[in-house]
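In: This is a predicted model, with the sequence first.
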Amino acid sequence: MGKRLLVLHGPNLNLLGEREGRQGGRFADLDAALTARATELGLELKVVQSNHEGVLIDTLHAERSRLEGVVVSPAGLFGSYPLMEALEAVGVPAIEVYLERLGDRESVVAEACASTIEGQGFHSYLEALERFASGDLAGELTDEEEEEAEEEEETEDEAVEAEDDGVVDAAWSGDDEEAGAPEEKGKTLGRRGKDIPREKSLAVRSSGALARAADAPAKALAPSGGNRKTLGRKVEAPAAAAAPSKTLGRKVPGAQGTPAANFLTRALVRQKIADRLAGRLTPAELAAWARAKWAEVQRGGPAEKGYQDMLEDSLLTLSALPASKLSDSQLVDMMTRLEG
Ligand SMILES: O=C1C[C@@](O)(C(=O)O)C[C@@H](O)[C@@H]1O
């Protein structure tokens, strides 16, 4: 059984993609991407979003005995002492993530986390999953060290399994049953200690205007098309950033509500990619849809004004065979480029 992680999304993230000036796709897209990546990495996820500090804390308390890690996205609660103390109290290793860069903001929650990953849109979260999968929570091991750690962990897991003598963990159901705490399998998994340097020092800075999306445009998320192997690598927030598209999160004329079936919009393509990431479409079905849609546009079918080239390019990429060649993270990148 894979590591069990809790992903905690803080206030307003449920409106991701619907608010202006924010990067990234929609909240549902993020969840789809997380689920897909977790499956690939063999992780079990419980995902909770709340606009209430207390609910996030209660969730941590309730789930603590079943957790091997927490990915916490505090959003506006970055300065929450109660959340920080709850993380410390439950003693489960945590990684803090932000879609955007923190800029002038000082995170208190970081005090209870092994590392902070910021400014990489969805990839901040995906990187956190990868770090939990590799056990390198601070993201500082070299590739070789990582391999060694993985081998070591496999050996330990085998030993634990042998010890367990067939006892199966309680199902990951999110119910209230207090499963016996998986008394640490030897690993502290980056539980914050003096030996684990925090990846980023979120130095105390004077509070000021919040560094918003301008710090981290969608384009900075990842090199397009590239095979981005971030596993265990130290992540730096993109240093220089171009101005964000002002259309982020705005409704596209003609694309409001359910787009007409034959009207090609970025939202429609994003939706199809999200369906594929969530397993509602197979790679072949997505490719077939993209091919048909591309052909339709060639015959003069309508497409979202100002984005026809981008849409055609995306459809061509999606329709390329074998469709399965596109990795989840490439799909997420594409989705991000198609935000609107
Ligand atoms: O929506 C967001 C994005 C954010 O949560 C982030 O992850 O960068 C930071 C929040 O302050 C802001 O409201």
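Out: Structure's in. What do you need?
In: show me what contacts Val47?
Out: By C-beta atoms under 8 Å, 6 or more residues apart in numbering, the residues touching Val47 are 6-7, 9, 31, 34-35. Yep, even glycine has a C-beta here, placed from its N, CA and C like the rest.
In: Just send those residues back as TSV, with neighbour count too.
Out: Output for these, formatted as TSV (neighbours: other C-beta atoms under 10 Å):
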residue	neighbour count
Leu6	26
Val7	24
His9	25
Asp31	20
Leu34	24
Thr35	18
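In: nearest to the ligand, of these?
Out: His9 (8.3 Å; C-beta to the nearest ligand atom).
In: in terms of contact, does that closest one touch Pro74 like I think?
Out: No - if you go by C-beta atoms under 8 Å, His9 and Pro74 don't touch, sitting 9.0 Å apart.
In: any low-confidence regions in the stretch 51-200 of the chain?
Out: 141-142, 145-146, 149-150, 152-154, 156-200 (pLDDT under 70).
In: Would you mind naming what in it lies close to the ligand?
Out: Contact residues (C-beta under 6 Å from any ligand atom) of the stretch 51-200 of the chain with the ligand: 73, 75-76, 98-100.
In: try 5 Å this time
Out: Residues of the stretch 51-200 of the chain lying close to the ligand (C-beta under 5 Å from any ligand atom) are 75-76, 98-100.
In: Produce a PyMOL select command limited to the buried residues of these.
Out: Buried members of these, defined by 16 or more other C-beta atoms under 10 Å, are picked up in PyMOL with:
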select buried, resi 75+98+99+100
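In: Sketch out the strands for the protein, chain order is fine.
Out: Using DSSP state E, the strands of the chain run over 4-9, 44-49, 69-73, 94-97, 115-117.
In: wait, does the first one contact the ligand?
Out: No - using C-beta under 5 Å from any ligand atom, no contact is recorded between strand 4-9 and the ligand, whose separation bottoms out at 8.3 Å.
In: Pull out the CA atoms of that strand and give them to me as CSV.
Out: Taking C-alpha atoms only, strand 4-9 is exported to CSV below (Å, rounded to 0.1, in the frame of the first residue of the first chain):
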residue,chain,number,x,y,z
ARG,A,4,-1.2,7.9,2.7
LEU,A,5,-1.2,11.7,2.3
LEU,A,6,-3.6,14.4,3.2
VAL,A,7,-3.8,17.3,0.8
LEU,A,8,-5.2,20.4,2.6
HIS,A,9,-6.3,23.3,0.4
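In: avg pLDDT for it?
Out: With pLDDT averaged residue by residue, strand 4-9 scores 97.
In: now for it, which elements pack on it?
Out: Helices and strands touching strand 4-9, by 3 or more C-beta pairs under 8 Å, 6 or more residues apart in numbering; DSSP states H and E, are helix 27-41, strand 44-49, helix 53-63, strand 69-73, helix 122-134.
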